[in-house]
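Asker: need a 3D model of the following:
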Amino acid sequence: MWADNEADLDLLGFDFLVDALVVALTEPRLLPLTVGVLGDWGSGKSSLMQLAATELVAIERKPGSTDGPDVPPSPYLTIHFSPWQYEDHQDVKVALMTTVLDALETRMPEASAEIGRLRTFVRGLKRWVRRTGTGRIGTAVAPTVVPMLVQGVAPGIEPEAATLVAGLTGAAASEVAPLLAEPPAAAATPEPEREPLEDIKEFRKEFGELVGRLPDGDAVIVFIDDLDRCLPETVVDTFEAIRLFLNTPKTAYVLALNQNVVESAIDSRYPDITKADGAGLGRDYLEKMLQLKVVIPPLSAPEAETYVNLLFAELRLPEEQFAQVLDKTNTNRAASGLSVGFNLGIAGELLGDDLPTSLSDDLAWAADITPVLGSSLRGNPRQLKRFLNNLLLKHRSAARRKIDLKLPILAKLMVLEDQFNTDFQKLFDWEMATGGQCPELADAEDFARAAAVSAVASSDVEAVEDVRSESGARVPKKRATTSKPEQEPVASAARTWAEKTHIGAWLRVEPSLKNVDLRPYFTYSRDKLSFGISGSRLAPHLQQLLTNVQSDIESVRRSHYAAVSQLDAVERAQLAEALMERVQRQPASTALAAAIELAEQNSDLVDAVSAGLMRLPVASVPTTAGTAAVRRLPADNPAVVSLLDHWQEGDNGALKIVVSGARQANAKKKGGPGGNVG
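Answerer: Alright, predicted model coming up:
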């Protein structure tokens, strides 16, 4: 299994992104610099920053450097900081400034006196934070103060700031004044301790001079992670610390973030500050803060397959062999970046007889699963890794109980569960109703595979080749004719299921499941089932009937209603309870239509079905249910009247109109008042 941490090895082919980041950070003309590493959750932002930091540390000084034996070989001082780890304990600005000063003191012990003076300022800021009871600068007037702070570093927001400044009065003006005032001139006699806000320029000046004493070519590079996990106040505090205090020559700040999340955080922090078009401050704020952006794209299908294969290679191979595999993969990526860089064929050529059977087996079944999994997970490395971890966890858990689950079968089943839960639910219902012998799955798989063969044959038959006559004119070649292979009739429900594009593709993935008892697999793979516990308590014939009355095909569904009517009252109530549980969890499923239609034919189910429908959030009830309930349920039943009144009084406007209209039409048809029309 694999840890969900930033990676030290590049399994994702991020070398081109690392290059872009390192080139920018090592260009002195660009400093000071703030870079955004942008990507979705789990896209590999932390890993990319770790790889870049490792490469920066490995850079050696130019020959002839006279900086002394105690100076590290790299000219770049890399610092790692996570504001998320500090937001519940102390002011994030103080934490970031302290972290940077600590690293500088380690690098420049001869400057301990200067760093001590800077620490005094930071301690004063910390005391001020404690005294005011807030971790932000002037939180009481934060919506007003921050545009002024931004004005100094982001001139594009001048109109908003000017308007707000003009409106300051009283306490707000007195608190903002120190921010706007120039530092007072040096006095001949010692002054009382000043508020830390008055020393911002002085701190920035001394900090810049300290960093400037680093040898030529040296730079301080701070990698800031987890910003998109933070509260809006922490996000803004981090940017304030960089811009107000630490953004000086020879410094660079790299921030990993999800752009949409951080923009929304800034917008929510200052909801009253908007642009002329009504948009929030977030996008402009972030544009001003970030001079460069390195965007991590989602993995393509071949890249996702390469990544999964490398994970298994890392798991199954000794370190030396895995290094060979990674070198070969990088060579293949360099030659063709968007093709599969490592698979079973490449492994066989590279490792020959040294290829472990365990890795060969893993790469074989992964080749079938990964295309479906990679596309459905949108090329997200973390989600791919978590799926594989979950897979191996279930497999090893079963092994402890001496249960032999085949990894390819478990993986195929988990893909369906993870990506298409409604269809997984249907397969589970079929399997439980038939005691491990599932004819629907066998029929669906046969149909899907036969349909694929037929499609290929039809494509070949329809191909037309041009030939030239003796005169040189182009004439179409006569099409070949062939008869399509006959398919055995299949159950309508199974065929309808198999005709879904995603289900057809899943059914054709190896291995075949049609002769496999899946019940042991469902023991370990049913995390997302919305139903099954109460249904599994039913007798086998009721489980089968429960599945049949939920068929997507109306004629098939209704053909089993008579069997429900023939049950004794206890079994019919058990079936209705299981059916209504499905309705509770999936109001838009066919279970809702089945419940209303069964209540129409079995009066002893009317109260139970009405009570179950009353428990549904009105907003989740499909409008078709309103018409069906009015048409099929007895209008004089008190439970039905209460249900329809409840729907008409709810917040589902479309349902309210449908029920009202249906009740009026029903009343006219029967020549009566039609109850409460609302």
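Asker: each with direction, which strands does the host helix or strand of residue 252 pair with?
Answerer: Assessed by DSSP states H and E, residue 252 sits inside strand 251-257. Using DSSP bridges, strand 251-257 pairs in its sheet with strand 33-38 (parallel), strand 219-224 (parallel).
Asker: closest one to residue 325 among these?
Answerer: strand 33-38 (27.2 Å; C-beta to C-beta). The way it works is simple: take the backbone N, C-alpha and C, and place the C-beta from them, glycine included.
Asker: avg pLDDT for the closest one?
Answerer: The average pLDDT within strand 33-38 is 94.
Asker: kindly report the same for stretch 582-594.
Answerer: The model assigns stretch 582-594 a mean pLDDT of 87.
Asker: start to end distance for it?
Answerer: One end of stretch 582-594 to the other measures 11 Å (C-alpha to C-alpha, to the nearest Å).
Asker: buried set for it?
Answerer: 582, 583, 586, 587, 589, 590, 591, 592, 593, 594 (16 or more other C-beta atoms under 10 Å).
Asker: check contacts around the fifth one.
Answerer: Translated: residue 589. 422, 550, 582, 583 (C-beta atoms under 8 Å, 6 or more residues apart in numbering).
Asker: the third one and residue 276, how far apart?
Answerer: Separation of residue 582 from residue 276 (C-beta to C-beta, to the nearest Å): 51 Å.
Asker: ditto for the last one
Answerer: Here the distance between residue 583 and residue 276 works out to 49 Å (C-beta to C-beta).
Asker: doesn't residue 639 belong to a helix?
Answerer: Yes - using DSSP: H, G, I helix; E, B strand; the rest coil, the secondary structure at residue 639 is a helix.
Asker: now it: closest residue in space that isn't a chain neighbour?
Answerer: Distances taken as C-beta to C-beta, 6 or more residues apart in numbering place residue 610 nearest to residue 639, at 3.8 Å, with adjacent residues excluded.
Asker: quick one: average pLDDT of the helix or strand containing that neighbour?
Answerer: Here residue 610, judged by DSSP H and E, is contained in helix 606-614. Averaged across helix 606-614, pLDDT comes to 88.
Asker: which helices and strands sit right next to the helix or strand immediately after that helix in the chain?
Answerer: Remark: after helix 606-614, the chain's next helix or strand is helix 623-632, criterion DSSP H and E. Helices and strands touching helix 623-632, by 3 or more C-beta pairs under 8 Å, 6 or more residues apart in numbering; DSSP states H and E, are helix 590-601, helix 638-649, helix 653-670.
Asker: which residue, other than its chain neighbours, is closest to residue 267?
Answerer: Distances taken as C-beta to C-beta, 6+ apart place residue 280 nearest to residue 267, at 3.3 Å, with adjacent residues excluded.
Asker: what's the burial count for that neighbour?
Answerer: 19 (other C-beta atoms under 10 Å).
Asker: close enough to count as contact, it and residue 265?
Answerer: No - shown here, residue 280 and residue 265 do not form a contact pair, counting by C-beta atoms under 8 Å, at 10.3 Å.
Asker: name the residues that touch the helix holding residue 610?
Answerer: Taking contacts as C-beta under 8 Å, 6+ apart, the residues outside helix 606-614 that touch it are 573, 576-577, 580, 583-584, 595-596, 598-599, 621, 625, 629, 633-634, 637, 639-640, 642-643, 646.
Asker: buried members of these into PyMOL, please.
Answerer: Those of these that count as buried under 16+ other C-beta under 10 Å are selected in PyMOL with:
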select buried, resi 576+577+580+583+595+596+598+599+621+625+629+633+639+640+643+646
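Asker: what residues go with each domain of the protein?
Answerer: 44-162+196-295, 301-457+486-508, 535-605, 617-678 (automatic domain parsing).
Asker: residue 512 and residue 444 touch, don't they?
Answerer: No - in this structure, residue 512 is not within contact of residue 444 by C-beta under 8 Å, at 11.4 Å.
Asker: who has more neighbours, these two?
Answerer: Each of residue 512 and residue 444 has its neighbours counted (other C-beta under 10 Å); residue 444 has more, 29 against 16.
Asker: turn the strands paired with strand 251-257 into TSV, columns for distance to residue 320 and mean neighbour count.
Answerer: Converted to TSV, the strands paired with strand 251-257 look like this (distance: least, C-beta to C-beta, whole Å; neighbours: other C-beta atoms under 10 Å):
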stretch	distance to residue 320	mean neighbour count
strand 33-38	32	22
strand 219-224	31	23
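Asker: now do the phi/psi pair for residue 93.
Answerer: When read as degrees, to the nearest 10, the backbone of residue 93 gives phi -60, psi -50.
Asker: ok, the closest residue to it other than its chain neighbours - contacts?
Answerer: Using C-beta to C-beta, 6+ apart and skipping residues adjacent in sequence, the residue nearest residue 93 is residue 241, 4.0 Å away. Counting by C-beta under 8 Å, 6+ apart, residue 241 touches 92, 93, 96, 97.
Asker: relative to residue 440, how far out is residue 241?
Answerer: With distances taken as C-beta to C-beta, residue 241 is found 61 Å from residue 440.
Asker: just residue 280 next, same as before
Answerer: Between residue 280 and residue 440 the computed distance is 51 Å (C-beta to C-beta).
Asker: and if you look at residue 507?
Answerer: Residue 507 is 11 Å from residue 440, where distance means C-beta to C-beta.
Asker: returning to that earlier point: now distance to residue 568 too, for the strands paired with strand 251-257, in JSON lines please.
Answerer: Putting those into JSON lines (distance: least, C-beta to C-beta, whole Å) gives the following:
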{"stretch": "strand 33-38", "distance to residue 568": "63"}
{"stretch": "strand 219-224", "distance to residue 568": "68"}
